[in-house]
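Q: Structure of the sequence below:
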Amino acid sequence: MIFKNTKTHVLGLMALISAMASFSCHATDDSDWVTIHNGEMWIDSDGNDVQAHGAGFLKVDDTWYMIGEDRTKQWNPDVNMYSSKDLVNWKFERKIIENGVTHPELGKTRMIERPKLMYCAKTKKYVVWCHWESSDYGASEAGVFYCDSVNGAYKFHWGGRPLGVKSRDCNVFVDDDGTAYFISTIEENQHLGLFKLSDDYLSAVEYTELFKYQSREAPAIVKVDGMYYMLSSACTGWDPNPCKLSCSDSLTSGWSELRQIGDDIAYDTQAASILTVKGTEGTTYLYVGDRWMDPGLPESKTIIFPISFSDGNCKFDYSHSFDIDFKKGVCRIKGE
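A: Numbering: from 1, shown residues only. Here you go, the predicted model:
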């Protein structure tokens, strides 16, 4: 009798566990949370290391496109493009800019660093601005490329010093009204230059010097609630240093005094981009940085973590891993 009752209870318990397991699996399948891990080499869908250092990003519909330096050739990088819907699973699209193909001097007397991607709604073309440099870093120029499709073979448009100004580490920013800007460290890394671009994004039409004689590089700009926030680093080669923040309600003036955020080496990173993830329940901002390795540039890691902005302040929420729901636009740090 005891055995019979026990068997009945066991069978009932097993049925309950089975039902719970089915519910748990269903919940997991329906979940929109993805986990991003830091400190690991990213691997694409073909099983190869992702090579997109100094990365630039553009979201087209529900797909993120990432371009960056292919450092397998160390000092003569091609520009690779990858696509992903969740910043975790990456598909290699193609080499959009290639040594000896896109430009005859690329890979010989010229190399590319920090390529950044924009879409020009007026011309319906995709435009890349980058650091266009010689092997001795004496050229101090910018390069411009364009394409009719986001993942096509980009064509060389122009290379030189924008408005005659020496230009190196760089980024781009497109404002709410569609006006595009190229920002770079200028005049032997002494200042930052903010270059307003033409309506077709292919040339610079005016520029403003910012942070004069403060030797800033790796700039990245984001706009939050009408306020512009800029992150930048000092010029210490491949070695990390503190990331500093400035903010203003105008791109061309009124920038606040630089102040450090994060730890003394920006969690061993240098800023590459700031991503905006808008969803049905909120907006999450993601810091993207390079964890450079020299020697061993091909093994440099891409690091992503949440970053928050409010009333002229900024906070790094660095974590070795975190979850993000792209549909809702929310994230959660592991352990919370």
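Q: I'd guess residue 298 is in a strand, am I close?
A: No: using DSSP: H, G, I helix; E, B strand; the rest coil, the assignment for residue 298 is helix, not a strand.
Q: Nearest residue to residue 188 in space, please, no chain neighbours.
A: residue 166 (6.4 Å; Cβ to Cβ, 6 or more residues apart in numbering). No exception for glycine: its C-beta is placed from N, CA and C like everyone else's.
Q: swap in residue 330?
A: residue 282 (5.0 Å).
Q: How many neighbouring residues does the one you found have?
A: By other Cβ atoms under 10 Å, the residues close to residue 282 number 12.
Q: any idea how far it lies from residue 58?
A: The spacing between residue 282 and residue 58, counted by Cβ to Cβ, to the nearest Å, is 22 Å.
Q: what does residue 79 give?
A: Distance, residue 79 to residue 58, by Cβ to Cβ: 13 Å.
Q: between these two, which one's more packed in?
A: The neighbour comparison of residue 79 against residue 58 (other Cβ under 10 Å) goes to residue 79, with 28 against 20.
Q: who's in contact with that one?
A: By Cβ atoms under 8 Å, 6 or more residues apart in numbering, the contact list for residue 79 reads 67-70, 95-98, 112, 115, 128, 130, 154.
Q: same question, residue 244
A: 216, 231, 232, 233, 234, 258, 259, 260, 261.
Q: Can you name the residues bridging to it?
A: Note on residue 244: beta-bridge partners residue 232, residue 260, judged by DSSP bridges.
Q: what's the closest non-adjacent residue to residue 108?
A: residue 100 is the one closest to residue 108 (Cβ to Cβ, 6+ apart), at 7.5 Å.
Q: who touches that neighbour in this structure?
A: So, once contact is read as Cβ under 8 Å, 6+ apart, residue 100 ends up touching 106, 107, 108.
Q: Ok, residue 310 next?
A: By Cβ under 8 Å, 6+ apart, residue 310 lies in contact with residue 224.
Q: how far away is it from residue 247?
A: 11 Å.
Q: and if you look at residue 135?
A: 37 Å.
Q: which of these two has more neighbours?
A: In terms of neighbours (other Cβ under 10 Å), residue 247 is the more surrounded of residue 135 and residue 247; the figures are 18 against 12.
Q: Secondary structure element for the more buried one, which one?
A: Using DSSP states H and E, residue 247 sits in strand 243-248.
Q: Can you name the residues bridging to residue 142?
A: residue 131, residue 160.
Q: you'd agree it is up against residue 170?
A: Yes: with contact defined as Cβ atoms under 8 Å, residue 142 counts as touching residue 170 (6.6 Å).
Q: Please enumerate the shared neighbours of these two.
A: 129, 130, 131, 182, 184.
Q: Neighbour-wise, which one of the residues you listed leads?
A: For those, neighbours tallied by other Cβ under 10 Å; top is residue 129, 32 neighbours.
Q: quick revisit: which of the contacts of residue 100 are buried?
A: 106, 107 (16 or more other Cβ atoms under 10 Å).
Q: Save the contacts of residue 100 as JSON lines, and put in secondary structure, distance to residue 293 and pLDDT too.
A: Shown next, in JSON lines, are the contacts of residue 100 (DSSP: H, G, I helix; E, B strand; the rest coil; distance: Cβ to Cβ, whole Å; pLDDT from 0 to 100):
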{"residue": "106", "secondary structure": "strand", "distance to residue 293": "24", "pLDDT": "95"}
{"residue": "107", "secondary structure": "coil", "distance to residue 293": "22", "pLDDT": "93"}
{"residue": "108", "secondary structure": "coil", "distance to residue 293": "26", "pLDDT": "93"}
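Q: Rebuild the contacts of residue 100 as JSON lines, extending it with distance to residue 47.
A: Below are these laid out as JSON lines (distance: Cβ to Cβ, whole Å):
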{"residue": "106", "distance to residue 47": "28"}
{"residue": "107", "distance to residue 47": "26"}
{"residue": "108", "distance to residue 47": "31"}
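Q: Below-threshold pLDDT in the stretch 1-150 of the chain: ranges please.
A: 1-30 (pLDDT under 70).
Q: Contact partners for residue 171?
A: Residue 171 sits in contact with 56, 114, 116, 182, 183, 184, 218, 219, 220, 221, 273, where contact means Cβ under 8 Å, 6+ apart.
Q: can you rerun that using 7 Å?
A: By Cβ atoms under 7 Å, 6 or more residues apart in numbering, residue 171 lies in contact with 116, 183, 219, 220, 221.
Q: what about the helix or strand containing it, average pLDDT?
A: Following DSSP H and E, one finds residue 171 within strand 167-174. The pLDDT scores in strand 167-174 average 98.
Q: next one: stretch 249-267
A: Rounded mean pLDDT across stretch 249-267 is 97.
Q: Between the contacts of residue 79, which sits nearest residue 48?
A: residue 70 (10.7 Å; Cβ to Cβ).
Q: Could you verify my assumption that the closest one touches residue 51?
A: Yes: between residue 70 and residue 51 there is a contact under Cβ atoms under 7 Å: 4.1 Å.
Q: which neighbours do the two share?
A: Residues touching both residue 70 and residue 51 (Cβ under 7 Å, 6+ apart): residue 80.
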